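# Let's see this in three dimensions:
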Amino acid sequence: MEYIAITELRTKAKALAQALERGSEVKLIRRSKVIGRVIPDKNEILKTIDAKRLEAKIQKLDLPRLTLKEIDRRYRAVMKKKHGQGLY
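Reported below is the predicted structural model:
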């Protein structure tokens, strides 16, 4: 079991990440008291994505093609609705 102080989080972030990758638990210390613990995530399995299958699924959705002008028009309409006329 390892310990890391709150003030050391910035400088020892790499060591913290390495400890979590090894599967060890790290206790968090503030003012000489243990205030919590950082534990590694149990779900280590990362799925790989087949880009061609993903592209085929996106094509099946048949989403409309938007130009930058249309995207900007829609964005401004939503912002006007959300924040009022005075924004633009």
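# low-scoring stretches of the protein, by residue?
44-46, 86-88 (pLDDT under 70).
# So which residues of it form strands?
Here the chain has its strands, by DSSP state E, at 2-5, 26-30, 33-38.
# Tell me how many other residues surround Thr11.
Close neighbours of Thr11, defined as other C-beta atoms under 10 Å, add up to 10. Every residue, glycine included, has its C-beta placed from N, CA and C.
# can you tell me which of the strands of the chain comes nearest to Arg65?
Among these, the nearest to Arg65 by C-beta to C-beta is strand 33-38 (45.1 Å).
# Would you map the helices across this protein?
13-22, 51-61, 68-83 (DSSP state H).
# where's Arg30 relative to Thr11, distance?
Computed with C-beta to C-beta, to the nearest Å, the distance linking Arg30 and Thr11 is 16 Å.
# Can you give me the domain boundaries for the protein?
Listed by automatic domain parsing, the domain ranges of the chain are 2-38, 51-87.
# now, of those, which is deepest in the fold?
Highest mean neighbour count of those: domain 2-38, a mean of 12 (counted as mean count of other C-beta atoms under 10 Å).
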